[in-house]
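Undergrad: Okay, predicted coordinates and the sequence, questions at the end:
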Protein chains: 2
Amino acid sequence: MPRPKSPLLSRERIRDAALELIDAEGIGALSMRNLALRLDVKAASLYSHYPNKDAVLDAVANLLTRQVDTSGFERGWRAGLETWGRSYHAALRGHPNAAPVVAAGTGRREDFLAMADAVHGGLVGDGWPPRYATMIAASVKYLVIGAATTPFASGFADDTRVYFERYPNLVQAHLIPAHAEEIDSDSFELALAGLLAGLEPLHASLTAGERRGAREAGR
Amino acid sequence: MPRPKSPLLSRERIRDAALELIDAEGIGALSMRNLALRLDVKAASLYSHYPNKDAVLDAVANLLTRQVDTSGFERGWRAGLETWGRSYHAALRGHPNAAPVVAAGTGRREDFLAMADAVHGGLVGDGWPPRYATMIAASVKYLVIGAATTPFASGFADDTRVYFERYPNLVQAHLIPAHAEEIDSDSFELALAGLLAGLEPLHASLTAGERRGAREAGR
DNA sequence: ACCTGAACACCGTTCAAGT
DNA sequence: ACCTGAACACCGTTCAAGT
């Protein structure tokens, strides 16, 4: 049945189906043939809408990136980083199987660049010199990506008894799967809070004159 | 030429060749057929030494994990985390193409568990309650994995002029490829220093009595 | 313009066969 | 025990053909 009068596919439908497939069966299950099957279509048809598989993955990554909130910088650099970090983290934790997709190849994705630009602007706008703004944005991103792609507690074997003899220090609550998610989110919050607390004196040590100079040079 | 008197392959030779291949051509180039080619052998031969491709990748990950130094905790929790974080980061940055391999599936790898156990023991031994030890170890791991798998500056297009119009805030030094590596390592150091500085008052707020109690309950 | 069938060059893995 | 050839069920991608 070639060339139906109303198209069977669209870029959005393909992208959404790809995310569903990743959520349900993991990144390993996302093949062009498998994706086509889900859309009641043949694999070759997808190439009428995306040039290749990577482009489909980019569309998924952009979709998730657009959920990230960078509006908090209106209330200062600290509130901005908190809002950004938490919403970024939440977007990835909402689709854990897709997190590595979002983490990869960030540098040439449209919506990632828009996000990075907003964050950098927010930091420079509240007095951080551009070079610090770059490093601080990178730091928070490291935490988000690390937390989303390798949650600490998950991945341990379900049968914790295996560990008892060889790894005495690890036999703690964090090996109990039921606590895993809570410990992961608490760890992210602790790290974010710790980092922001550690940056506070650095920001304070910038004199009013240095802050103004940084703001002017930043644009 | 089946069954030579002295074996052509060994687990170590296969694992080392896999790392070389990943370093030279990236993770995408590591196929069993390609790996076998490099060892002057057929793909099926590899299955006499490893049950599957994942096991080869685990061997590579374990090799890199064994380079990580957890001895610093003898000089206190802060020195321990610095030594651990830096050596972990350095091990992954030395093989950037392999970093995602090390990041994945950590929970059931022998050498990762030994490392995590040493870190946890070092933190609890210097007064952190077990639950905090878990979260702090997770935090530093997040930074290391995030920094190693998605270096901030890399991945931007070489031609930075593309960004000028649309992303005014991003047109800074960090878009210059020559500075990328320096900014990445500086960012990691800033994040680690910030996090440790932020944790200091938390550790100090634990009274001597609470510290003793934590140490006793931690084993 | 949009979908299909068939083909190409790849994969990971298995297994009987050789020594 | 260790290596091979051949096969299986998969991949991503291309392209002529159909309407």
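TA: Right, received. Where do you want to start?
Undergrad: Please count neighbours and contacts with C-alpha atoms only from this point.
TA: Noted.
Undergrad: which residues does the closest residue in space to A:Asp186 that isn't next to it in sequence contact?
TA: Residue nearest to A:Asp186 in three dimensions, not counting chain neighbours: B:Met135, with 7.2 Å by CA to CA, 6 or more residues apart in numbering or on different chains. Neighbour list for B:Met135: A:Ile183, A:Asp184, A:Asp186, A:Ser187, A:Leu190 [criterion: CA atoms under 8 Å, 6 or more residues apart in numbering or on different chains].
Undergrad: any chance of these in CSV, plus neighbour count and secondary structure?
TA: CSV is the format used below for these (neighbours: other CA atoms under 10 Å in any protein chain shown; DSSP: H, G, I helix; E, B strand; the rest coil):
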residue, neighbour count, secondary structure
A:Ile183, 23, helix
A:Asp184, 23, helix
A:Asp186, 16, helix
A:Ser187, 27, helix
A:Leu190, 20, helix
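Undergrad: tell me which element the residue nearest to A:Asp186 is part of?
TA: helix B:130-149 (DSSP states H and E).
Undergrad: if you average pLDDT over that helix, what comes out?
TA: Averaging pLDDT along helix B:130-149 gives 94.
Undergrad: If I look at whatever residue of chain A ends up closest to DNA strand D, what pLDDT would I see?
TA: Closest to DNA strand D within chain A is A:Ser31: 3.1 Å, counting by CA to the nearest atom of the strand. pLDDT, A:Ser31: 98.
Undergrad: list the contacts for the residue nearest the centre of chain A?
TA: The residue lying closest to the centre of chain A (CA atoms, centre = their mean) is A:Leu92, at 4.7 Å. A:Leu92 is in contact with A:Leu64, A:Ala98, A:Ala99, A:Val102, A:Ala148, counting by CA under 8 Å, 6+ apart.
Undergrad: neighbour-wise, which of the residues you listed leads?
TA: A:Ala148 (30 neighbours; other CA atoms under 10 Å in any protein chain shown).
Undergrad: Hmm, that one is touching A:Ala98, no?
TA: No: at 9.5 Å, A:Ala148 does not count as touching A:Ala98 under the criterion of CA atoms under 8 Å.
Undergrad: In chain A, what helix or strand scores lowest on average pLDDT?
TA: Here the helix or strand of chain A ranked lowest by mean pLDDT, DSSP states H and E is helix A:208-217, holding a mean of 58.
Undergrad: Does chain B have contacts with the helix or strand containing A:Val56?
TA: Here A:Val56, judged by DSSP H and E, is contained in helix A:53-65. No: legend: contact between helix A:53-65 and chain B by CA under 8 Å from any CA of the partner chain is lacking; minimum distance shown is 13.0 Å.
Undergrad: Is there proximity between that helix and DNA strand D?
TA: Yes: part of helix A:53-65 sits near DNA strand D under the criterion CA under 7 Å from any atom of the strand, namely A:Lys53, A:Asp54.
Undergrad: what do you get for stretch A:18-27?
TA: No: judged by CA under 7 Å from any atom of the strand, stretch A:18-27 makes no contact with DNA strand D; its nearest approach is 9.7 Å.
Undergrad: Around A:His203, how many other residues sit close by?
TA: Using other CA under 10 Å: A:His203 sits among 16 other residues.
Undergrad: so how far is DNA strand C from the residue of chain A closest to DNA strand D?
TA: Applying CA to the nearest atom of the strand, to the nearest Å, the value for A:Ser31 to DNA strand C is 12 Å.
Undergrad: Could you tell me which residues of chain A lie near DNA strand D?
TA: A:2-3, A:29-34, A:43-45, A:47, A:51-54.
Undergrad: ok, so of the residues you listed, who is nearest chain B?
TA: A:Asp54 (13.0 Å; CA to the nearest CA).
Undergrad: give me the number of residues near that closest one?
TA: Neighbour tally, A:Asp54, other CA under 10 Å: 12.
Undergrad: cool, the one 5 residues further on as well?
TA: The number of residues packed around A:Ala59, counting by other CA under 10 Å, is 23.
Undergrad: how about the nearest residue to it, chain neighbours excluded?
TA: Among residues not flanking A:Ala59 along the chain, A:Arg15 sits closest, at 6.2 Å (CA to CA, 6+ apart).
Undergrad: residues touching that neighbour, list them.
TA: Residues near A:Arg15 by CA under 8 Å, 6+ apart: A:Val56, A:Leu57, A:Ala59, A:Val60.
Undergrad: Just to check, the first one is in contact with A:Tyr50?
TA: Yes: taking CA under 8 Å as the contact criterion, A:Val56 and A:Tyr50 are neighbours in contact, 6.4 Å apart.
Undergrad: Leaving out the residues flanking it, which one is nearest to A:Gly194?
TA: Leaving aside its sequence neighbours, A:Gly194 sits nearest to B:Gly198 (CA to CA, 6+ apart; 4.2 Å).
Undergrad: which strands and helices sit next to the strand or helix carrying that neighbour?
TA: Under the criterion of DSSP H and E, B:Gly198 resides in helix B:177-204. Under the contact criterion of 3 or more CA pairs under 8 Å, 6 or more residues apart in numbering or on different chains; DSSP states H and E, helix B:177-204 touches helix A:130-149, helix A:177-205, helix B:77-93, helix B:130-149.
Undergrad: what angle separates the first one from helix A:177-205?
TA: The reference is to helix A:130-149. Using axes from the mean of the first three to the mean of the last three CA atoms, to 10 degrees, one finds that helix A:130-149 and helix A:177-205 are set 180 degrees apart in direction.
Undergrad: Just the CA coordinates for helix A:130-149, please, in PDB.
TA: C-alpha atoms of helix A:130-149 as PDB (Å, rounded to 0.1, in the frame of the first residue of the first chain):
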ATOM      1  CA  PRO A 130      32.300  34.100  32.200                       C
ATOM      2  CA  ARG A 131      35.000  31.500  32.900                       C
ATOM      3  CA  TYR A 132      33.500  30.600  36.300                       C
ATOM      4  CA  ALA A 133      30.000  30.500  34.700                       C
ATOM      5  CA  THR A 134      31.300  27.900  32.200                       C
ATOM      6  CA  MET A 135      32.900  25.800  34.900                       C
ATOM      7  CA  ILE A 136      29.900  26.000  37.300                       C
ATOM      8  CA  ALA A 137      27.400  25.100  34.600                       C
ATOM      9  CA  ALA A 138      29.700  22.200  33.700                       C
ATOM     10  CA  SER A 139      29.800  21.100  37.300                       C
ATOM     11  CA  VAL A 140      26.000  21.000  37.800                       C
ATOM     12  CA  LYS A 141      25.700  19.200  34.500                       C
ATOM     13  CA  TYR A 142      28.200  16.600  35.600                       C
ATOM     14  CA  LEU A 143      26.100  15.900  38.700                       C
ATOM     15  CA  VAL A 144      22.900  15.600  36.700                       C
ATOM     16  CA  ILE A 145      24.400  13.300  34.000                       C
ATOM     17  CA  GLY A 146      26.200  11.200  36.500                       C
ATOM     18  CA  ALA A 147      23.200  10.800  38.700                       C
ATOM     19  CA  ALA A 148      20.800  10.100  35.800                       C
ATOM     20  CA  THR A 149      23.000   7.600  33.900                       C
END
